[in-house]
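Asks: Predicted structure and sequence below. I'll ask about it afterward.
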Amino acid sequence: MKRQVETFLPTKHGNFKMIIFSESENDIKPHFALCHTNVDVSKPVAVRIHSECLTGDLIGSNRCDCGEQLETSLKMIDEKKGVLLYLRQEGRGIGLINKMKAYNIQDTGRNTIDANTDLGFEPDQRKYEIALEMLKDLGIDQVDLITNNPTKMKAIQDSSITMVSRIPLIIPSKAENEEYLQVKKELMGHLLN
């Protein structure tokens, strides 16, 4: 995986440099980093590793808290002059089609983990080696990780990158995602209040 292109990207959250990473310049779903224009990699950098969630990030689905996590993270990253890594791992790595199939299974009363395993997948198939490669390429070796996910924390802790601190990302639940968040907390170990 390598840098394919980088460009200046002004947003409602601040000014960023967008860097696209992929194996090939023809990749239609590359990963990307949004780096605050004033990021200082000589100090610990506030970093959010965010996996794609089209329904939450783009459409504003209330079945999850992903879109709100992304929005809140971008505000934090602007304030702290940090970096967002956006990984194209829709539906915890099972893709959009299977994610919708999992939603249909959840609508019968199964939880998010059971729905994935009913479809023949692991509860969470995401990989974070890509994020580690991106951080190394960006020259980031110390992070203040914006996450509630212990698997992301472990990926950093098991690498050559130092996790200086964890910045909690707490999003209030809604009626539509309360059970989903409870499963993340109780069965997946997410650090939620």
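Replies: Perfect, I can see it now.
Asks: Only C-alpha atoms from now on, for both contacts and neighbour counts.
Replies: Will do.
Asks: in this protein, which spans are helices?
Replies: Assigned by DSSP state H, the chain shows helices spanning 66-80, 90-93, 95-106, 112-118, 129-137, 150-157, 178-188.
Asks: Go through the first one and flag the buried ones.
Replies: The neighbour-count criterion (16 or more other C-alpha atoms under 10 Å) identifies 66-70, 73-78, 80 as the buried residues of helix 66-80.
Asks: Redo those residues as CSV? Include pLDDT.
Replies: Shown next, in CSV, are those (pLDDT from 0 to 100):
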residue, pLDDT
66, 91
67, 93
68, 94
69, 94
70, 96
73, 96
74, 97
75, 96
76, 96
77, 96
78, 96
80, 97
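Asks: what does stretch 19-39 contact?
Replies: Residues outside stretch 19-39 that contact it (C-alpha atoms under 8 Å, 6 or more residues apart in numbering) are 1-7, 14-18, 45, 77-78, 81-88, 134.
Asks: which regions of this protein sit below the pLDDT cut-off?
Replies: Applying pLDDT under 70 to the chain flags the ranges 177, 180-181, 183, 185, 187-189.
Asks: If any of the contacts of stretch 19-39 are buried, give me the PyMOL selection for them.
Replies: Remark: buried members of the contacts of stretch 19-39, expressed as a PyMOL selection using 16+ other C-alpha under 10 Å:
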select buried, resi 3+4+15+16+17+18+45+77+78+81+82+83+84+85+86+87+88+134
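Asks: wait, which of the buried residues of helix 66-80 is closest to residue 52?
Replies: Among those, residue 66 lies closest to residue 52 (C-alpha to C-alpha), at 8.5 Å.
Asks: How many neighbouring residues does the residue nearest to residue 16 when sequence neighbours are not counted have?
Replies: Closest residue in space to residue 16, ignoring its immediate chain neighbours: residue 36 at 4.4 Å, by C-alpha to C-alpha, 6 or more residues apart in numbering. The local packing of residue 36 (other C-alpha atoms under 10 Å) involves 25 other residues.
Asks: What of residue 108?
Replies: Residues near residue 108, counting by other C-alpha under 10 Å, number 9.
Asks: That one and residue 155: what is the separation?
Replies: 34 Å (C-alpha to C-alpha, to the nearest Å).
Asks: Provide a list of residues in contact with the most centrally placed residue in the chain.
Replies: A centroid search over the chain (C-alpha atoms, centre = their mean) returns residue 50, at 1.3 Å, as the residue closest to the centre. For residue 50, the contacting residues are 70, 84-87, by C-alpha under 8 Å, 6+ apart.
Asks: Now tabulate those residues in CSV and tack on distance to residue 118.
Replies: Below are the contacts of residue 50 laid out as CSV (distance: C-alpha to C-alpha, whole Å):
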residue, distance to residue 118
70, 28
84, 32
85, 30
86, 27
87, 25
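Asks: Show me the two of the residues you listed that sit farthest apart.
Replies: Top of the distance list for the contacts of residue 50 (C-alpha to C-alpha): 70 and 87, 12.1 Å.
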